[in-house]
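Enquirer: The following block contains a protein sequence and its predicted model.
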Amino acid sequence: MDDDAKATVGASREQRALAVLRVLLGAMFVWVFFENLGKGAYTPAGYKGVIDYYLKNGHAPEVWKGVMSAAAANARIAAPLQALTELGFGVLLVAGGATRLVAAAAGAFLFTLWVSELGTAWVWELGVPIIVAFCLSWARAGRTWGVDALLARRFPNWRLG
């Protein structure tokens, strides 16, 4: 049995569970990317429409509404950046690459979305994925069934996964 197979077989139940959560969170980001792409949410008009809905119907703090207004005013730039961010998080989480960094960034991203959606969506809709993302970051979930495991073997000081 080679070292890669031993590492996978030797993973604890908890490590495998975290890897499953990592892949599922990544799959959620990929799914949302394609869903939003199909809805036109990454076009300047579509993106601005979504943000305007949150501004009109949401209960985000005023300071955050200012940030959202700036994003809506710059939708030509913000929309494709959000698309790349969501797809990037998804692909990297599924692959288990730079998991600590990506999961922390994904948790922060989801938190900002949660704040933006206050009063327009069920509070736990994003609450659970936020918690999962931060737990994945803390637990080095890319070290099982992920690119981070390969990088950690090649570079013993690898800290991003």
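Expert: Noted; the coordinates are in hand.

Enquirer: which stretches of this structure aren't confidently modelled?
Expert: The chain contains residues with pLDDT under 70 at 1-9.

Enquirer: Next one: the residue most central in space within the chain from N157, what distance?
Expert: Of all residues in the chain, the one closest to the mean position by C-alpha atoms, centre = their mean is A106, 3.3 Å from it. According to C-beta to C-beta, to the nearest Å, A106 stands 24 Å off from N157. Using the backbone N, CA and C atoms, a C-beta is placed for each residue, glycine as well.

Enquirer: Same check on W64?
Expert: 38 Å.

Enquirer: Please look at L126 and L118 and confirm they touch.
Expert: No - using C-beta atoms under 8 Å, L126 is not in contact with L118; the gap is 10.2 Å.

Enquirer: W64 and N157: which is more packed in?
Expert: More neighbours surround W64 than the other of W64 and N157, with 16 against 5 (other C-beta atoms under 10 Å).

Enquirer: helix, strand or coil for the more buried one?
Expert: Three-state assignment for W64 (DSSP: H, G, I helix; E, B strand; the rest coil): helix.
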